[in-house]
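Asks: just the structure for this:
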Amino acid sequence: MSDSTPTETIQSIRDEIMKHYANRHLKTFEELAEEQGVKPVTNFDALLGGWPEEERDDGFEEAVMRWRREVMVGG
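Replies: Residues are numbered from 1 along each chain as shown. The predicted structure is shown next:
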């Protein structure tokens, strides 16, 4: 059984973790993007996308409004 306190044990574990990562090179976002072939977005509208056409009128908005009314009225 160890005579160390919980704080000392946590500090010891932290020190071991820090030693493990001390000599590692953490990649920058730029390095990761280059490795993965990620390119800057040139068409902002492409990020916006849209809702799938087949799911546009699935009743979700109406259900949310109904649930809100039920909560406000109390059931």
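Asks: CA only for contacts and neighbour counts going forward, please
Replies: Fine.
Asks: now for the lengthiest helix in the chain, which elements pack on it?
Replies: Ranked by residue count under DSSP state H, the longest helix found in the chain is helix 6-22. Taking 3 or more Cα pairs under 8 Å, 6 or more residues apart in numbering; DSSP states H and E as contact, there are no helices or strands that helix 6-22 lies on.
Asks: sort out which residues of it are buried, please.
Replies: By neighbour count, and taking 16 or more other Cα atoms under 10 Å as the criterion, helix 6-22 has no buried residues at all.
Asks: hey, C-alpha coordinates of that helix in CSV?
Replies: Once non-C-alpha atoms are left out, helix 6-22 reads as follows in CSV (Å, rounded to 0.1, in the frame of the first residue of the first chain):
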residue,chain,number,x,y,z
PRO,A,6,-4.4,11.4,-3.5
THR,A,7,-2.9,14.8,-4.5
GLU,A,8,0.6,13.3,-4.7
THR,A,9,-0.8,10.4,-6.8
ILE,A,10,-2.6,12.8,-9.2
GLN,A,11,0.6,14.9,-9.5
SER,A,12,2.7,11.8,-10.2
ILE,A,13,0.2,10.7,-12.9
ARG,A,14,0.3,14.2,-14.4
ASP,A,15,4.1,14.2,-14.4
GLU,A,16,4.1,10.9,-16.3
ILE,A,17,1.7,12.2,-18.9
MET,A,18,3.7,15.3,-19.3
LYS,A,19,6.9,13.3,-19.8
HIS,A,20,5.2,11.1,-22.4
TYR,A,21,4.0,14.1,-24.5
ALA,A,22,7.1,16.4,-23.9
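Asks: leaving out the residues flanking it, which one is nearest to residue 33?
Replies: residue 39 (7.4 Å; Cα to Cα, 6 or more residues apart in numbering).
Asks: please enumerate the helices of the chain.
Replies: Under the criterion DSSP H, helices of the chain are mapped to 6-22, 29-36, 45-48, 60-73.
Asks: for the first one, give the mean pLDDT please.
Replies: So the one you mean is helix 6-22. Helix 6-22 shows a mean pLDDT of 90.
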